[in-house]
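**Student:** quick one, fold the following:
(chains A, B, C and D)
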Protein chains: 2
Amino acid sequence: MQDCIYTAAESVERSGLKGLPLFKACQDSFFQKMAKRALTQKHSKGKILFLHGDEARYFYFIQKGLVRLFRETLDGSQVTVDILPAGQVLALRTIFEDDLYPYSAEIVENAEITSYPLSYLKDEIQTNNTLALNMLSSMSRCKRRKEQEIEHREIQNAPQRIGCFLLRLIPQNKEGPVTIHLPYDKTLVAARLGMQPETFSRALSKLKRETGIKIKGATIELDTVQQLVQFSCAACSSEFPCKDLQQREF
Amino acid sequence: MQDCIYTAAESVERSGLKGLPLFKACQDSFFQKMAKRALTQKHSKGKILFLHGDEARYFYFIQKGLVRLFRETLDGSQVTVDILPAGQVLALRTIFEDDLYPYSAEIVENAEITSYPLSYLKDEIQTNNTLALNMLSSMSRCKRRKEQEIEHREIQNAPQRIGCFLLRLIPQNKEGPVTIHLPYDKTLVAARLGMQPETFSRALSKLKRETGIKIKGATIELDTVQQLVQFSCAACSSEFPCKDLQQREF
DNA sequence: TTTGCGCCTTGACCAAAGTCAATTCAAGGG
DNA sequence: CCCTTGAATTGACTTTGGTCAAGGCGCAAA
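**Tutor:** As a prediction, this is how the structure comes out:
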């Protein structure tokens, strides 16, 4: 089965990197250099992009599709670290570590992904202080997200965690009724939230019973966000309009 | 009750910062400037250093004692983020965020703590790219630790988590018998590992039964680290000699 | 030495989530 | 339109850890 189609190196304009806030401090020369070595590939569902512990030469930008990051233990169980949609970058942080990928990456929805050499980024950051500072705040936010995740897994129960997940999918200041569409399969959402699919299913019904939200397949309707806020955010150390939702991995 | 004793601004030599790898790229002028505004205080157990959400003006270096970082939810439950021993810095990352402390800090063992103005650090990092790069790798490691913590809470059970905690207290390449002394109260260790004291107590007995370690109060003896490695590291995505144990919060 | 206060442990019970298995549902291919 | 396949749900049961309450242990002050 063909699960990967190569295309030529990209033009600067197409480069997704240029649009990212993280790189706004970079000159055109940087993007041009990057674009020359950029490689965009189509991958189909199930493809492993790289494995935890592989030698890292590239970082990736998701043009289209979905990527699941995960780790595997000796005794065979998997932990899903995150699920990244189009527009996200992955494996960036590798440049600060030991040049080994810190997780495995699997395509979970047909994707188009551009790879860039990590070495160029490593060079750039040595001299571009603003880039370094942007990375610092970016990584700091990412770290905050991870800490919050630990917190949530400790004090939120399964239905609350789902409610919290849903709230993060919508514009935070939205008034009145909202319709939410799950961004990926329920099985994946369950994995993302660290629970079993069965638990997710039951917890979602419970959330429905307790808050009165309406569920039809992957579509969820709220009369008002307050329904969920009251239910989920009581077991959270932050105030409701959640900050720093946009950006993700590192 | 007096729970805080002030001492004069420190001499450069005493400054704990200078010894930290994180600041090795900084000039003496920086340390001198810092030292002028440094303030060392003694705090007794129970003192709150700052609260989550407080406006942040200082970061801290623990000269002596123990500090617990935690967050509190609306419905009153607390989550312990970390427990920091002497030699650690805290609240550093505040400079990359919104100038609000990202957690509360409580003295849990009589402590001596030096505070430094965040603003000076903020200035320094604008121009000192090497410092920025050191911070990046430092924060990256810290982030890795947090990710591993999420993983552990998902796939390790309570006894395994304790075993893992113990393994991190000893020189990783140690051969033969080892004696471990818990660095703080069992209640605190329990909180650190995200479990109830009762659960910790029972899980520790179970760990003893399953691995044959010897426990006498806060002292634990192993015939060999392999006893624990086999038991705990099967449910972990990393190989045993755990990396990046030294440094902590940000 | 006694007393008191935390810390720690233990028991009984409960609640939440995981596991295993059976079944239903929905979407895409023939 | 039916069939296949994977996703999702549901039921029954187990396991793990949390909760509540009662005691025990040890250290330090009186």
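**Student:** only C-alpha atoms for contact and neighbour calcs from this point on.
**Tutor:** Fine.
**Student:** how is chain A divided into domains?
**Tutor:** A:4-127, A:155-241 (automatic domain parsing).
**Student:** in a markdown table, list the ones you listed along with mean pLDDT and distance to B:Ala218.
**Tutor:** As requested, the domains of chain A are exported to a markdown table (pLDDT from 0 to 100; distance: least, CA to CA, whole Å):
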| stretch | mean pLDDT | distance to B:Ala218 |
| --- | --- | --- |
| domain A:4-127 | 90 | 30 |
| domain A:155-241 | 95 | 28 |
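**Student:** export those to CSV and tack on distance to B:Ala191 and mean neighbour count?
**Tutor:** Putting those into CSV (distance: least, CA to CA, whole Å; neighbours: other CA atoms under 10 Å in any protein chain shown) gives the following:
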stretch, distance to B:Ala191, mean neighbour count
domain A:4-127, 23, 18
domain A:155-241, 12, 17
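**Student:** using JSON lines, lay out those domains together with distance to DNA strand C.
**Tutor:** Formatted as JSON lines, those follow (distance: least, CA to the nearest atom of the strand, whole Å):
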{"stretch": "domain A:4-127", "distance to DNA strand C": "9"}
{"stretch": "domain A:155-241", "distance to DNA strand C": "3"}
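**Student:** residue numbers of chain A in contact with DNA strand D?
**Tutor:** A:185-188, A:197-202, A:205, A:217 (CA under 7 Å from any atom of the strand).
**Student:** beta partners of the most centrally placed residue in chain A?
**Tutor:** Centroid-nearest residue in chain A, with CA atoms, centre = their mean: A:Leu84, separated by 3.2 Å. Under DSSP bridges, the beta-bridge partners of A:Leu84 are A:Val67.
**Student:** hang on, isn't it packed against A:Phe70?
**Tutor:** No: between A:Leu84 and A:Phe70 there is no contact under CA atoms under 8 Å: 11.3 Å.
**Student:** how about the residues of chain A by chain B?
**Tutor:** A:71-75, A:77, A:79, A:81, A:93, A:96-97, A:126-130, A:132-133, A:135-137, A:139-141, A:143, A:146-147, A:149-151, A:154-155, A:194, A:233-238 (CA under 8 Å from any CA of the partner chain).
**Student:** hmm, try it at 6 Å
**Tutor:** A:72-75, A:96, A:129, A:137, A:143, A:150, A:234-237 (CA under 6 Å from any CA of the partner chain).
**Student:** tell me, what's touching A:Leu84 and A:Phe70 both at once?
**Tutor:** Shared contacts of A:Leu84 and A:Phe70 (CA atoms under 6 Å, 6 or more residues apart in numbering or on different chains): none.
**Student:** and the nearest residue to A:Leu166 once chain neighbours are set aside, which of the three is it?
**Tutor:** Counting by CA to CA, 6 or more residues apart in numbering or on different chains, A:Leu166 lies nearest to A:Ile180, which is 7.5 Å off, once chain neighbours are set aside. Put simply, A:Ile180 is strand when judged by DSSP: H, G, I helix; E, B strand; the rest coil.
**Student:** could you give the bridge partners of A:Ile180?
**Tutor:** A:Ile220.
**Student:** would you confirm that it contacts A:Ile220?
**Tutor:** Yes: between A:Ile180 and A:Ile220 there is a contact under CA atoms under 6 Å: 5.0 Å.
**Student:** could you give the angle of the longest helix seen in chain A to helix B:129-155?
**Tutor:** In chain A, taking DSSP state H as the definition, the longest helix is helix A:129-155. Put simply, helix A:129-155 runs at 20 degrees to helix B:129-155, going by axes from the mean of the first three to the mean of the last three CA atoms, to 10 degrees.
**Student:** remind me what helix A:129-155 packs against, helices and strands.
**Tutor:** Contacts defined by 3 or more CA pairs under 6 Å, 6 or more residues apart in numbering or on different chains; DSSP states H and E place helix A:129-155 against helix B:129-155.
**Student:** just how off-centre is the helix it packs on within its chain?
**Tutor:** Averaging C-alpha positions (CA atoms, centre = their mean, to the nearest Å) puts helix B:129-155 13 Å from its chain's average.
**Student:** equivalent analysis for stretch A:224-241, please.
**Tutor:** 22 Å.
**Student:** from the rest of the structure, what touches it?
**Tutor:** With CA under 6 Å, 6+ apart, stretch A:224-241 has contacts from A:156, A:160, A:163-164, A:172, A:176-177, A:211, B:72-75.
**Student:** gap between the two ends of it?
**Tutor:** 14 Å (CA to CA, to the nearest Å).
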